[in-house]
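Chemist: Predicted model and sequence follow; I will ask about them next.
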Amino acid sequence: MKSLKKESTGIIGLDEVINNLRLGDNVVCQIDNLSNYKYLATEFARNAVSKGKRVVYMRFASHAPLFNNNDGIFTYTLNAKEGFESFSTNVHEIIKKEGLEVFYVFDCLSDLLLYWATDLMLGNFFMITCPYLFELNTIAYFAIMRDNHSFKTIARIRETTQLLLDIYTIDSSLCIHPLKVWNRYSPNMFLPHIKEKDKFIPITTSADAARLFSYTASKFYESSERNLDYWD
């Protein structure tokens with residue numbers, strides 16, 4: 001049975017929205033730009049280190065490192081160019097060696113498409129890795145770029161993960177929309193939320209809703225054909 005002990009994202013307002021993290025959670029952030037994921041991952045890792053947790057950074061992508069100052073964060077550098085099987089095996093060996101209740105931050109998974117050329121392998125990697133992390137009572141952060149993946153792959157990720165968060169920046173304001181939060185519920189949990197100082201406020205006003213719908217409508221129009229695999 002999983003521990004019901006609450007853990008923190010490092011962001012008080014986000015903790016309130018999702019009713020905190022739990023051991024075993026895999027957190028997937030669907031993003032438009034890496035800076036939003038870097039912010040969330042940095043706050044998560046900083047808080048975990050301050051609480052004496054073991055934090056591991058899985059570094060494999062071509063984008064800039066997520067952490068500028070790695071004090072207290074142990075980094076494994078992996079080579080995705082070796083292919084799906086070798087990369088997955090190395091990740092699993094690291095997870096096995098690190099053991100129970102370790103906190104992980106992974107580079108953006110979308111970068112794996114540059115080396116593997118297909119969403120199928122990325123989806124397979126996620127589906128074999130997340131259950132293993134879950135069994136070891138870890139908490140792991142992942143990111144995927146919006147509109148870079150087939151609908152089938154997104155569905156597989158959503159089915160497997162415990163938390164799926166849609167992350168936007170609307171008029172310079174960070175917006176978080178929980179699409180899936182496993183084993184937790186509140187009346188406002190699945191509404192989009194806009195960051196205001198230390199709080200995330202659910203979007204209930206017509207003005208904020210109009211801003212959000214305008215943004216998402218434009219994104220949907222741009223990505224309406226994104227049901228093919230990457231190599232297509």
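Modeler: Perfect, thanks for sending it. Numbering: from 1, shown residues only.
Chemist: going forward, measure contacts between C-alpha atoms and count neighbours the same way
Modeler: Noted.
Chemist: ok so I167 is a helix residue?
Modeler: No. According to DSSP: H, G, I helix; E, B strand; the rest coil, I167 belongs to no helix; its state is strand.
Chemist: which residues does it contact?
Modeler: C29, Q30, I31, D32, N36, L174, C175, I176, H177 (C-alpha atoms under 8 Å, 6 or more residues apart in numbering).
Chemist: which SS state does the second one fall under?
Modeler: When the structure is split into helix, strand and coil by three-state DSSP, Q30 lands in strand.
Chemist: Thought Y141 was touching it, still the case?
Modeler: No. Between Q30 and Y141 there is no contact under C-alpha atoms under 8 Å: 11.1 Å.
Chemist: partner residues bridging the residue minimising distance to the centre of the chain?
Modeler: Most central in the chain under C-alpha atoms, centre = their mean is V28, positioned 2.6 Å from the mean C-alpha point. Beta-bridge partners recorded for V28 (DSSP bridges): F142, L164.
Chemist: follow-up on the earlier one: looking at the contacts of I167, which one is closest to V55?
Modeler: C29 (18.3 Å; C-alpha to C-alpha).
Chemist: Which positions within the helix or strand hosting F44 qualify as buried?
Modeler: F44 is located in helix 34-50, with elements delineated by DSSP states H and E. Buried positions in helix 34-50, judged by neighbour count with 16 or more other C-alpha atoms under 10 Å: L34, N36, Y37, K38, L40, A41, T42, F44, A45, R46, N47, A48.
Chemist: Excluding covalently adjacent residues, which one is nearest to the last one?
Modeler: What it means is A48. With sequence-adjacent residues excluded and distances taken as C-alpha to C-alpha, 6 or more residues apart in numbering, A48 is closest to V55, at 7.0 Å.
Chemist: how close does the one you found sit to I31?
Modeler: 22 Å (C-alpha to C-alpha, to the nearest Å).
Chemist: where do the helices sit along this structure?
Modeler: 12-18, 34-50, 84-98, 113-116, 119-135, 151-160, 206-222 (DSSP state H).
Chemist: looking at those helices, which is closest to G72?
Modeler: Distance to G72, taken as C-alpha to C-alpha, is lowest for helix 34-50 among those, at 6.1 Å.
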